[in-house]
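Colleague: Below: sequence and its predicted model.
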Amino acid sequence: MSFSEDFVFGGATAAYQIEGAAGADGRGLSIWDVFAHTEGRVVNGDTGDVAIDHFHRFKDDVAIMAGLGLKDYRFSVSWPRIQPDGRGRGLEAGLDFYSRLTDELLAAGITPWVTLYHWDLPQALQEAGGWPERETAQRFADYAAVVHQHLGDRVKHWITLNEPFCSSFIGYASGRHAPGLRDPKAALSSVHHLLLGHGLATQALKAQGAEQVGITLNLYAVDPASDSALDTDAARRVDGFQNRLFLDPVLKGRYPQDMLHDLAEFGGLGEVRDGDLQLISTPIDLLGVNYYTRYVITGNPDHPDLVGERRGQLDSPYVGAPNAREVRHGMPLTDLGWEIDPDGLYDVLTRLKREYPAIPIVITENGAAFADVLTDDGAVHDEQRIAYVRDHLAACSRAIDAGVPLKGYFLWSVFDNFEWAEGYAKRFGVVHVDYETQVRTPKDSALWYSKVIRSGGSLDDAS
Ligand code: FCB
């Protein structure tokens, strides 16, 4: 068996997706509050106002996690709960909430892993320009320092950003996420400022003695649909946007040449000052990887198997490469229409080992949405989710055998929650939540995962 004794089997959530209590204790607005309250942005007009009310129910939720035997939990801090307008000393009430959550977790034997930015930029900072504005990077580092000052005595694991690809290209280019803009230049300068914010925050945390600091990137296996020049070039670009544009500056201290060349007509990544890449590549202790699927890419706008038309995904996040599109490659689909491809996770992990400097890796998210049914006797038989997680854990195990320094796996997600532009209709949790009553019911996958954890990663005996 490839999972060492100290391999981490955890679960993950994010603040805006679960907390609710949007107006509690002076919390400010985030870009997601404003976006979700704008008509037509989120399926069914759903918002995170109440979500699963975790803010008020966190003790019960920690008890559920402890009952399942979870030993590690990744959650995010809501920036506008700490700094309502994105600056200043920090609100006592907000800091106190995360302090109590941390204490509750530790008392239950659960190690907290804190993500500082899971997409909820204070709206006031968006109004001052948002991530396209360089100043936002410094604001983020200051906020990171405030949070660490309050939790750093108990929290050892820190993730600066979650998925800067989404914050930049989906927020500012395709506009499917908050703040919902379609401005290629803004998206490109956001990339640089998010990464700069990561570098500055890493330095601030390290200066305060943080032990483990990393960043979480959403990485994909990317293959061309054929070996035609059109398809291979489109796949190169998608790999550039999704993977290399973030991995290279953080781990190698430079942006990929081919991307800089492609993006030159849009002004590149905006203003990159001397020393910026040095800051961005400040050594980190771990790389967080979120993995969901493999993209098979065509450059042919008339390809018969294009994905996305029906779901209104024609607005491309890929600046300058709108025809680079995903095609189906014959794997089963999740409820979000994502192809289930565990080998892609193996490919991502072994590629990191091959092409990047050695660094401990943690899967900070992996999981799937399925159309769960709660039976009359209060069970959810989510066999597909069990198979999904089992097959991806098996891919992790093979990657470890191939020499990848993989240290942990966090399942997305512990609880059903607000799935961004998809609202509450898509369920990712291993614990079912009835959004009317807030009743939590562990699904079969939760019970299965619990056995995996208790057995130290045995995938055969668990089901
Ligand atoms: C990731 C996000 C996470 C969740 C999953 C399904 O991109 O980080 O919050 O929505 O997708």
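Modeller: On my side now, so go ahead.
Colleague: Near residue 88, how many other residues are there?
Modeller: If you count neighbours by other Cβ atoms under 10 Å, residue 88 ends up with 12. Backbone N, C-alpha and C define where each C-beta goes, glycine included.
Colleague: for residue 328, same thing?
Modeller: When neighbours are counted by other Cβ under 10 Å, residue 328 registers 15.
Colleague: which residues touch it?
Modeller: By Cβ atoms under 8 Å, 6 or more residues apart in numbering, the contact list for residue 328 reads 296, 305, 307, 339.
Colleague: Mind doing that once more with 7 Å?
Modeller: Neighbour list for residue 328: 305, 307, 339 [criterion: Cβ atoms under 7 Å, 6 or more residues apart in numbering].
Colleague: Buried subset of those, written for PyMOL?
Modeller: Here is the PyMOL selection string for the buried members of these, based on 16 or more other Cβ atoms under 10 Å:
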select buried, resi 307+339
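Colleague: Tell me the one of the contacts of residue 328 nearest the ligand?
Modeller: residue 339 (14.5 Å; Cβ to the nearest ligand atom).
Colleague: Verify the contact between the closest one and residue 326 for me.
Modeller: No. The criterion here is Cβ atoms under 7 Å, and residue 339 misses it with residue 326 at 8.7 Å.
Colleague: Helices of the stretch 51-200 of the chain, residue ranges please.
Modeller: 54-68, 79-82, 92-107, 123-127, 135-151, 164-165, 171-172, 184-207 (DSSP state H, counting those that start in this stretch).
Colleague: name the helices or strands packed onto the third one?
Modeller: With contacts defined as 3 or more Cβ pairs under 7 Å, 6 or more residues apart in numbering; DSSP states H and E, the packing partners of helix 92-107 are helix 54-68, helix 79-82, helix 135-151.
Colleague: can you rerun that using 6 Å?
Modeller: Here helix 92-107 touches helix 54-68, going by 3 or more Cβ pairs under 6 Å, 6 or more residues apart in numbering; DSSP states H and E.
Colleague: The helix it packs on - what's its average pLDDT?
Modeller: Averaging pLDDT along helix 54-68 gives 98.
Colleague: Show me what counts as buried in it.
Modeller: By neighbour count with 16+ other Cβ under 10 Å, helix 54-68 contains the buried residues 54, 55, 57, 58, 61, 62, 64, 65, 66, 68.
Colleague: And the contacts of it?
Modeller: 18, 19, 20, 21, 101, 104, 105, 108, 440, 446, 450 (Cβ atoms under 6 Å, 6 or more residues apart in numbering).
Colleague: Widest-spaced pair of those residues?
Modeller: Largest separation among these by Cβ to Cβ: 21 and 450, giving 28.2 Å.
Colleague: Give me the phi and psi for residue 212.
Modeller: The phi and psi values for residue 212, taken as degrees, to the nearest 10, are phi -130, psi 110.
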